[in-house]
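> predicted model and sequence below, questions to follow.
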Amino acid sequence: ARVVDFVKSFLDGDLIPAAIMWWSTQNGTVFVIDGAHRLSALMAWVHDEIGRAVGLPREVGGIPLDEIGATGFGVAACADVAREFCDLDLRGARVAVQGFGAVGRHAASFLGERGAILVAASDSKATVIDPSGIDIAALSALKVEGRSVLDYPRGQQADADAIIDVDCDVWIPAARPDVV
């Protein structure tokens with residue numbers, strides 16, 4: 001109960017904009033956290049208290065979920081489920097990603113594996129647009145190096161807000177919280 005009260009205290013403010021859900025089991029409380037990279041310190045504390053948690057920081061033996069693309073995988077899985085309800089084939093679907101960072105680049109990669117085509121991506125500095133398709137691996141490599149989508153050598157460059165007007169089938173808002 002102490003752990004649940006502690007986690008609930010974060011929900012009353014805007015300190016942590018990630019979604020937190022919990023449910024009780026016979027052995028205690030299991031936490032499922034979206035945006036665990038922001039909550040790694042909290043999860044380390046939860047682990048100390050109850051002996052189990054997901055999203056632990058690397059320093060205590062965890063795997064940072066943003067590095068392996070867990071949230072981006074979830075975004076792609078949701079798109080895969082949603083396509084059934086809107087008669088959309090992901091193979092050939094045109095995707096635009098607002099926020100080509102930890103979540104956005106992984107979502108683009110997982111959707112690319114399903115045959116989708118990345119036609120636009122933005123970061124805090126700019127948007128790159130290429131209706132014929134952006135090389136997801138090349139753009140991801142630039143971002144991992146700490147560079148901007150501005151450094152992508154092909155396509156049209158535009159300001160960061162131009163991502164909103166890009167013609168696409170799937171638009172992913174993966175920028176910082178409260179953008180939409």
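Everything's here; your move. Residues are numbered from 1 along each chain as shown.
> can we go C-alpha only for contacts and neighbour counts from here?
Noted.
> buried residues in the longest helix out of those in the chain?
Ranked by number of residues, the top helix in the chain under DSSP state H is helix 70-82. Across helix 70-82, burial judged by 16 or more other CA atoms under 10 Å covers A70, T71, G72, F73, G74, V75, A76, A79, D80.
> make a markdown table out of these and add distance to P64.
Formatted as a markdown table, those follow (distance: CA to CA, whole Å):
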| residue | distance to P64 |
| --- | --- |
| A70 | 9 |
| T71 | 11 |
| G72 | 13 |
| F73 | 14 |
| G74 | 15 |
| V75 | 17 |
| A76 | 19 |
| A79 | 23 |
| D80 | 24 |
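> show me which of those is closest to S140.
Closest approach to S140 among the buried residues of helix 70-82 (CA to CA): G72, at 13.0 Å.
> and the gap between the closest one and I50?
Distance from G72 to I50, counting by CA to CA, to the nearest Å: 28 Å.
> tell me the strands in the chain, going along the chain?
20-25, 28-33, 94-98, 117-122, 127-129, 156-158, 170-173 (DSSP state E).
> extract the residue ranges of the chain that are flagged as low pLDDT.
1-45, 47, 52-57, 178-180 (pLDDT under 70).
> which residue ranges of it form helices?
2-11, 40-50, 65-68, 70-82, 104-113, 136-144.
> out of those, which one sits most buried?
helix 104-113 (a mean of 23; mean count of other CA atoms under 10 Å).
> and the angle from that one to helix 136-144?
Between helix 104-113 and helix 136-144, the angle comes out at 170 degrees (axes from the mean of the first three to the mean of the last three CA atoms, to 10 degrees).
> is V97 bridged to anything, and to what?
V97 has these beta-bridge partners by DSSP bridges: A121, I172.
> same thing with A158?
T127.
> can you count the residues close to it?
Other residues near A158 number 15, with proximity taken as other CA atoms under 10 Å.
> which residues does it contact?
Neighbour list for A158: A126, T127, V128, I129 [criterion: CA atoms under 8 Å, 6 or more residues apart in numbering].
> so can I have CSV of those residues showing distance to A120 and neighbour count?
Shown next, in CSV, are the contacts of A158 (distance: CA to CA, whole Å; neighbours: other CA atoms under 10 Å):
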residue, distance to A120, neighbour count
A126, 11, 20
T127, 7, 28
V128, 6, 27
I129, 4, 24
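> relative to L150, how far out is A126?
In terms of CA to CA, A126 sits 6 Å off from L150.
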